[in-house]
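>>> the amino acid sequence is not available; the structure is as follows:
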């Protein structure tokens, strides 16, 4: 039985305004599919926490979501949970697409054969090679790094809407918050 993931391969490789990964519309989603679980285990679970991640998987629509009316019927990812749907469309769809693409990219650009590791090549285009793969990974990583604090801030600001989000683990406690211990926390800065 395949591992269930939050994003589906066709949600990574889609067209329209919600295209989360920089692929062409005829890109083969099967090239990304084997790397989705690894991408989510290394990234999504780390920022959402295991409980919220598993709750979102359990609540997701089993059908491939679609937010582009030109690509067929509109299908929400979380039709029964408006908070998950907002988090998904606002941040997670882009984040998930980027982490999956970045994880799969070396395996898309290079192939391991019995003759060794080979660079994919084509008759009608120039291959960007290892440097192109590295450039794309670095570029995508900057977008991932920019999204992570936004996702964290959004979840912390809206933690009441996400009861399985472990806010005590992921959100900073304000210095004047007395709810945790009954006393005000004081920050001490030592100069010297």
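Sure, I can see it. Computed from a predicted structure; not experimentally measured.

>>> and the strands in this protein, which stretches?
For the chain, strands defined by DSSP state E occupy the ranges 110-113, 116-119.

>>> how close does the nearest residue to residue 166 once chain neighbours are set aside sit to residue 136?
Closest residue in space to residue 166, ignoring its immediate chain neighbours: residue 49 at 4.5 Å, by Cβ to Cβ, 6 or more residues apart in numbering. Where you see a C-beta, it was placed from the backbone N, CA and C, and this is true even at glycine. To residue 136, residue 49 is 29 Å away according to Cβ to Cβ, to the nearest Å.

>>> which residue sits closest to the residue nearest the centre of the chain, ignoring its sequence neighbours?
Taking Cα atoms, centre = their mean, the centroid of the chain lies closest to residue 96, which sits 2.1 Å from it. In space, and not counting its chain neighbours, residue 96 is closest to residue 7: 4.0 Å by Cβ to Cβ, 6+ apart.

>>> repeat that for residue 147.
residue 95 (4.8 Å).

>>> before we move on, what about residue 63?
The shortest distance from residue 63 to any non-neighbouring residue, by Cβ to Cβ, 6+ apart, is to residue 75 (5.5 Å).

>>> do the same with residue 87
Spatial nearest neighbour of residue 87, chain neighbours left out: residue 154 (6.9 Å); criterion: Cβ to Cβ, 6+ apart.

>>> and what of residue 148?
Distances taken as Cβ to Cβ, 6+ apart place residue 47 nearest to residue 148, at 5.7 Å, with adjacent residues excluded.

>>> I figured the residue nearest to residue 87 hits residue 92, correct?
No: assessed by Cβ atoms under 8 Å, residue 154 is found out of contact with residue 92, at 9.9 Å.

>>> and those two? Which one has more around it.
Applying other Cβ atoms under 10 Å to residue 154 and residue 92 shows that residue 92 carries more neighbours, namely 23 against 17.

>>> okay, that one and residue 133: tell me how far apart.
For residue 92, the distance to residue 133 - Cβ to Cβ - is 25 Å.

>>> over to residue 164?
Residue 164 sits 36 Å away from residue 133, going by Cβ to Cβ.

>>> count of residues packed around residue 44?
Applying other Cβ under 10 Å, we find 23 residues neighbouring residue 44.

>>> what sits against it?
Applying Cβ atoms under 8 Å, 6 or more residues apart in numbering, we find residue 44 in contact with 6, 53, 92, 95, 96, 99.
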